[in-house]
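# The sequence and its predicted three-dimensional model are supplied below.
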Amino acid sequence: GAVVSQHPSRVICKSGTSVKIECRSLDFQATTMFWYRQFPKKSLMLMATSNEGSKATYEQGVEKDKFLINHASLTLSTLTVTSAHPEDSSFYICSAAGERSYEQYFGPGTRLTVT
Amino acid sequence: EDQVTQSPEALRLQEGESSSLNCSYTVSGLRGLFWYRQDPGKGPEFLFTLYSAGEEKEKERLKATLTKKESFLHITAPKPEDSATYLCAVQVSGYSTLTFGKGTMLLVSP
(Lines give C-alpha, C1' and ligand atoms only; values in the text may rest on other atoms or scores of the structure.)
Protein backbone atom coordinates (compact mmCIF):
# COMPACT_ATOMS: atom_id res chain seq x y z
CA GLY A 1 0.00 0.00 0.00
CA ALA A 2 0.82 3.74 0.07
CA VAL A 3 1.90 4.06 -3.55
CA VAL A 4 2.48 7.47 -5.11
CA SER A 5 3.10 7.96 -8.81
CA GLN A 6 4.46 10.90 -10.77
CA HIS A 7 4.19 11.72 -14.44
CA PRO A 8 6.26 12.34 -16.43
CA SER A 9 9.43 10.79 -15.04
CA ARG A 10 11.57 12.95 -17.31
CA VAL A 11 10.79 16.05 -19.34
CA ILE A 12 12.86 18.36 -21.48
CA CYS A 13 11.41 21.72 -22.43
CA LYS A 14 12.56 24.92 -24.03
CA SER A 15 13.13 28.09 -22.06
CA GLY A 16 9.95 30.14 -21.75
CA THR A 17 7.52 27.25 -21.96
CA SER A 18 5.44 25.77 -19.15
CA VAL A 19 5.56 22.23 -17.84
CA LYS A 20 2.99 20.33 -15.77
CA ILE A 21 3.91 17.49 -13.42
CA GLU A 22 1.25 15.20 -12.00
CA CYS A 23 1.34 13.45 -8.64
CA ARG A 24 -1.17 10.73 -7.82
CA SER A 25 -1.81 8.66 -4.72
CA LEU A 26 -2.84 5.29 -6.13
CA ASP A 27 -4.21 3.37 -3.17
CA PHE A 28 -5.10 5.94 -0.52
CA GLN A 29 -6.71 9.34 -0.21
CA ALA A 30 -4.12 12.06 0.25
CA THR A 31 -5.51 14.95 2.24
CA THR A 32 -2.12 16.65 2.11
CA MET A 33 0.44 16.64 -0.66
CA PHE A 34 3.90 18.14 -0.66
CA TRP A 35 6.22 19.25 -3.43
CA TYR A 36 9.98 19.12 -3.04
CA ARG A 37 12.94 20.06 -5.14
CA GLN A 38 16.27 18.28 -4.95
CA PHE A 39 19.59 19.45 -6.36
CA PRO A 40 22.36 16.95 -7.17
CA LYS A 41 23.79 15.35 -4.06
CA LYS A 42 21.66 17.60 -1.85
CA SER A 43 18.77 16.89 0.44
CA LEU A 44 15.13 17.61 -0.27
CA MET A 45 13.93 21.20 -0.16
CA LEU A 46 10.22 21.66 0.57
CA MET A 47 8.58 23.99 -1.92
CA ALA A 48 4.95 23.92 -0.88
CA THR A 49 2.23 22.09 1.00
CA SER A 50 -1.24 21.64 -0.42
CA ASN A 51 -4.50 20.41 1.03
CA GLU A 52 -7.30 19.16 -1.17
CA GLY A 53 -9.51 22.01 -2.27
CA SER A 54 -7.37 24.70 -0.68
CA LYS A 55 -4.66 27.04 -1.89
CA ALA A 56 -1.13 25.79 -1.46
CA THR A 57 1.15 27.12 1.26
CA TYR A 58 4.52 28.04 -0.20
CA GLU A 59 7.82 28.03 1.64
CA GLN A 60 9.77 31.24 1.96
CA GLY A 61 11.61 32.09 -1.23
CA VAL A 62 9.44 29.96 -3.53
CA GLU A 63 7.64 32.00 -6.18
CA LYS A 64 3.97 31.06 -6.13
CA ASP A 65 3.34 32.60 -9.55
CA LYS A 66 6.11 30.52 -11.07
CA PHE A 67 5.32 27.22 -9.40
CA LEU A 68 1.55 26.76 -9.63
CA ILE A 69 0.13 23.99 -7.48
CA ASN A 70 -3.35 22.56 -7.79
CA HIS A 71 -4.70 19.88 -5.43
CA ALA A 72 -8.02 19.29 -7.12
CA SER A 73 -8.88 15.90 -5.64
CA LEU A 74 -7.85 13.54 -2.85
CA THR A 75 -5.68 11.59 -5.28
CA LEU A 76 -4.20 14.21 -7.60
CA SER A 77 -1.96 17.23 -7.26
CA THR A 78 -0.23 19.06 -10.08
CA LEU A 79 2.81 21.31 -10.19
CA THR A 80 3.11 23.64 -13.17
CA VAL A 81 6.43 25.35 -13.76
CA THR A 82 5.53 28.47 -15.72
CA SER A 83 7.89 30.24 -18.11
CA ALA A 84 10.64 27.78 -17.29
CA HIS A 85 14.28 28.83 -17.35
CA PRO A 86 17.46 26.74 -17.22
CA GLU A 87 17.82 27.46 -13.49
CA ASP A 88 14.52 25.64 -12.95
CA SER A 89 16.16 22.42 -14.09
CA SER A 90 16.03 20.06 -11.16
CA PHE A 91 14.58 16.87 -9.70
CA TYR A 92 11.03 17.48 -8.47
CA ILE A 93 9.49 15.04 -6.02
CA CYS A 94 6.00 14.94 -4.56
CA SER A 95 4.81 13.19 -1.43
CA ALA A 96 1.40 12.44 0.01
CA ALA A 97 -0.03 11.85 3.46
CA GLY A 98 -3.41 10.47 4.40
CA GLU A 99 -5.76 12.05 6.90
CA ARG A 100 -4.87 9.69 9.74
CA SER A 101 -1.21 9.26 9.03
CA TYR A 102 1.72 11.49 9.77
CA GLU A 103 3.84 9.51 7.33
CA GLN A 104 4.65 10.92 3.93
CA TYR A 105 5.00 8.60 0.97
CA PHE A 106 7.05 9.83 -1.94
CA GLY A 107 6.65 9.58 -5.67
CA PRO A 108 9.51 8.47 -7.92
CA GLY A 109 10.38 12.02 -8.95
CA THR A 110 10.43 14.00 -12.19
CA ARG A 111 13.68 15.14 -13.81
CA LEU A 112 13.09 18.51 -15.49
CA THR A 113 15.64 19.85 -17.92
CA VAL A 114 15.11 23.32 -19.41
CA THR A 115 17.19 24.09 -22.50
CA GLU B 1 15.21 26.80 14.51
CA ASP B 2 14.69 23.09 13.91
CA GLN B 3 17.90 21.30 12.93
CA VAL B 4 18.70 17.81 11.74
CA THR B 5 22.30 16.67 11.37
CA GLN B 6 23.29 13.34 9.90
CA SER B 7 26.67 11.68 10.21
CA PRO B 8 28.76 10.49 8.61
CA GLU B 9 28.15 12.13 5.23
CA ALA B 10 29.42 9.01 3.51
CA LEU B 11 30.19 5.51 4.70
CA ARG B 12 31.88 2.67 2.90
CA LEU B 13 31.45 -0.84 4.29
CA GLN B 14 32.45 -4.31 3.28
CA GLU B 15 29.64 -6.78 2.85
CA GLY B 16 28.81 -8.20 6.28
CA GLU B 17 30.45 -5.32 8.17
CA SER B 18 27.81 -3.93 10.55
CA SER B 19 27.66 -0.22 11.38
CA SER B 20 25.39 2.62 12.47
CA LEU B 21 24.24 5.89 10.97
CA ASN B 22 23.49 8.83 13.24
CA CYS B 23 20.78 11.50 13.09
CA SER B 24 20.89 14.18 15.77
CA TYR B 25 18.08 16.69 16.03
CA THR B 26 17.10 19.89 17.77
CA VAL B 27 13.38 20.62 17.57
CA SER B 28 10.74 22.23 19.69
CA GLY B 29 8.31 19.39 20.27
CA LEU B 30 9.01 16.26 18.27
CA ARG B 31 5.99 14.54 16.78
CA GLY B 32 7.95 11.93 14.85
CA LEU B 33 11.32 11.02 13.37
CA PHE B 34 11.39 9.37 9.98
CA TRP B 35 13.97 7.33 8.12
CA TYR B 36 13.93 7.04 4.34
CA ARG B 37 16.13 5.32 1.81
CA GLN B 38 16.82 7.01 -1.51
CA ASP B 39 18.38 5.39 -4.54
CA PRO B 40 19.98 7.60 -7.23
CA GLY B 41 17.41 9.23 -9.48
CA LYS B 42 14.45 7.99 -7.42
CA GLY B 43 12.16 9.32 -4.73
CA PRO B 44 12.71 8.44 -1.06
CA GLU B 45 11.35 5.12 0.13
CA PHE B 46 9.76 5.10 3.58
CA LEU B 47 11.51 2.89 6.15
CA PHE B 48 10.50 3.78 9.70
CA THR B 49 8.70 6.25 11.92
CA LEU B 50 9.72 6.64 15.56
CA TYR B 51 7.56 8.66 17.93
CA SER B 52 9.05 8.46 21.41
CA ALA B 53 12.40 8.00 23.13
CA GLY B 54 13.22 4.35 23.68
CA GLU B 55 11.24 3.19 20.67
CA GLU B 56 12.88 0.71 18.29
CA LYS B 57 11.77 -0.65 14.93
CA GLU B 58 13.30 -3.32 12.71
CA LYS B 59 13.04 -4.29 9.09
CA GLU B 60 15.26 -6.99 7.68
CA ARG B 61 18.87 -5.86 8.31
CA LEU B 62 17.86 -2.41 9.54
CA LYS B 63 17.03 -1.33 13.06
CA ALA B 64 16.14 2.23 14.05
CA THR B 65 16.32 3.57 17.59
CA LEU B 66 15.39 6.91 19.13
CA THR B 67 16.55 8.95 22.12
CA LYS B 68 15.59 12.48 23.11
CA LYS B 69 18.46 13.91 21.09
CA GLU B 70 19.26 11.47 18.32
CA SER B 71 18.34 8.44 16.31
CA PHE B 72 20.50 5.62 15.04
CA LEU B 73 19.98 3.42 12.03
CA HIS B 74 21.84 0.18 12.66
CA ILE B 75 22.71 -1.95 9.66
CA THR B 76 23.54 -5.56 10.45
CA ALA B 77 25.56 -7.63 7.99
CA PRO B 78 24.86 -5.28 5.08
CA LYS B 79 24.67 -6.44 1.49
CA PRO B 80 25.57 -4.51 -1.67
CA GLU B 81 21.87 -3.90 -2.32
CA ASP B 82 21.74 -1.83 0.88
CA SER B 83 23.85 0.80 -0.88
CA ALA B 84 21.82 4.02 -1.01
CA THR B 85 21.47 7.40 0.64
CA TYR B 86 19.67 7.22 3.96
CA LEU B 87 17.69 10.29 4.93
CA CYS B 88 16.47 11.27 8.36
CA ALA B 89 13.62 13.75 8.83
CA VAL B 90 11.75 15.21 11.79
CA GLN B 91 8.19 16.39 12.12
CA VAL B 92 7.28 18.94 14.74
CA SER B 93 4.05 18.76 16.72
CA GLY B 94 1.33 20.80 15.09
CA TYR B 95 2.92 20.73 11.66
CA SER B 96 2.68 18.26 8.79
CA THR B 97 5.95 19.23 7.13
CA LEU B 98 9.25 17.37 7.42
CA THR B 99 12.70 18.82 7.99
CA PHE B 100 15.33 16.65 6.37
CA GLY B 101 18.97 16.08 7.18
CA LYS B 102 21.49 16.02 4.35
CA GLY B 103 21.68 12.25 4.33
CA THR B 104 24.32 9.56 4.65
CA MET B 105 25.53 7.95 1.44
CA LEU B 106 26.19 4.29 2.14
CA LEU B 107 28.25 2.10 -0.17
CA VAL B 108 28.53 -1.60 0.57
CA SER B 109 31.21 -3.42 -1.37
CA PRO B 110 31.02 -7.18 -2.07
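Yes, it's here.
# Excluding chain neighbours, what is closest to the residue in chain B positioned nearest to chain A?
Residue nearest to chain A within chain B: B:G43 (3.9 Å; C-beta to the nearest C-beta). Backbone N, C-alpha and C define where each C-beta goes, glycine included. Sequence neighbours aside, A:F106 is the residue nearest to B:G43 in space, at 3.9 Å (criterion: C-beta to C-beta, 6 or more residues apart in numbering or on different chains).
# Touching, that neighbour and B:E45? I think so.
Yes - here A:F106 lies in contact with B:E45, judged by C-beta atoms under 8 Å, at a distance of 7.3 Å.
# Tell me how many other residues surround the nearest residue to A:S73 once chain neighbours are set aside.
Once flanking residues are discounted, A:S73 sits nearest to A:E52: 6.5 Å by C-beta to C-beta, 6+ apart. Counted with other C-beta atoms under 10 Å in any protein chain shown, the neighbours of A:E52 add up to 17.
# Just give me the neighbour total for B:L62.
For B:L62, the count of nearby residues is 19 (other C-beta under 10 Å).
# er, B:C88 actually
Neighbours of B:C88 using other C-beta under 10 Å come to 31.
# Same question for A:T80.
Counted by other C-beta under 10 Å, the residues lying close to A:T80 total 14.
# what's the pLDDT at the residue nearest to it when sequence neighbours are not counted?
The shortest distance from A:T80 to any non-neighbouring residue, by C-beta to C-beta, 6+ apart, is to A:L68 (4.2 Å). Listed pLDDT for A:L68 reads 96.
# So A:L68 sits against A:A84, correct?
No - the pair A:L68 / A:A84 is not scored as a contact, 12.0 Å apart, by C-beta under 8 Å.
# which regions of chain A lie under the pLDDT threshold?
Residues of chain A meeting the criterion pLDDT under 70: A:1, A:100.
# Who has more neighbours out of A:L68 and A:A84?
Each of A:L68 and A:A84 has its neighbours counted (other C-beta under 10 Å); A:A84 has more, 22 against 16.
# So what pairs up with the closest residue to that one other than its chain neighbours in the strands?
Once flanking residues are discounted, A:A84 sits nearest to A:V114: 4.5 Å by C-beta to C-beta, 6+ apart. Note on A:V114: beta-bridge partners by DSSP bridges are A:C13.
# Could you do B:L11 as well?
Going by DSSP bridges, B:L11 forms beta bridges with B:L106.
# B:S19 is in contact with that one, correct?
Yes - counting by C-beta under 8 Å, B:L11 does reach B:S19; the two are 6.4 Å apart.
# what helix or strand does the residue positioned nearest the centre of chain A sit in?
When C-alpha atoms, centre = their mean is applied to chain A, the residue found nearest the centroid is A:W35 (3.6 Å). Assessed by DSSP states H and E, A:W35 sits inside strand A:30-38.
# And the strands in chain B?
For chain B, applying DSSP state E gives strands covering B:3-7, B:10-14, B:19-26, B:30-38, B:45-50, B:56-59, B:62-66, B:70-75, B:84-92, B:99-100, B:104-109.
# can you redo these as JSON lines with mean pLDDT and distance to A:Y58?
Output for those, formatted as JSON lines (pLDDT from 0 to 100; distance: least, C-beta to C-beta, whole Å):
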{"stretch": "strand B:3-7", "mean pLDDT": "95", "distance to A:Y58": "21"}
{"stretch": "strand B:10-14", "mean pLDDT": "97", "distance to A:Y58": "33"}
{"stretch": "strand B:19-26", "mean pLDDT": "97", "distance to A:Y58": "25"}
{"stretch": "strand B:30-38", "mean pLDDT": "95", "distance to A:Y58": "22"}
{"stretch": "strand B:45-50", "mean pLDDT": "94", "distance to A:Y58": "25"}
{"stretch": "strand B:56-59", "mean pLDDT": "96", "distance to A:Y58": "33"}
{"stretch": "strand B:62-66", "mean pLDDT": "98", "distance to A:Y58": "31"}
{"stretch": "strand B:70-75", "mean pLDDT": "98", "distance to A:Y58": "29"}
{"stretch": "strand B:84-92", "mean pLDDT": "95", "distance to A:Y58": "18"}
{"stretch": "strand B:99-100", "mean pLDDT": "92", "distance to A:Y58": "16"}
{"stretch": "strand B:104-109", "mean pLDDT": "98", "distance to A:Y58": "29"}
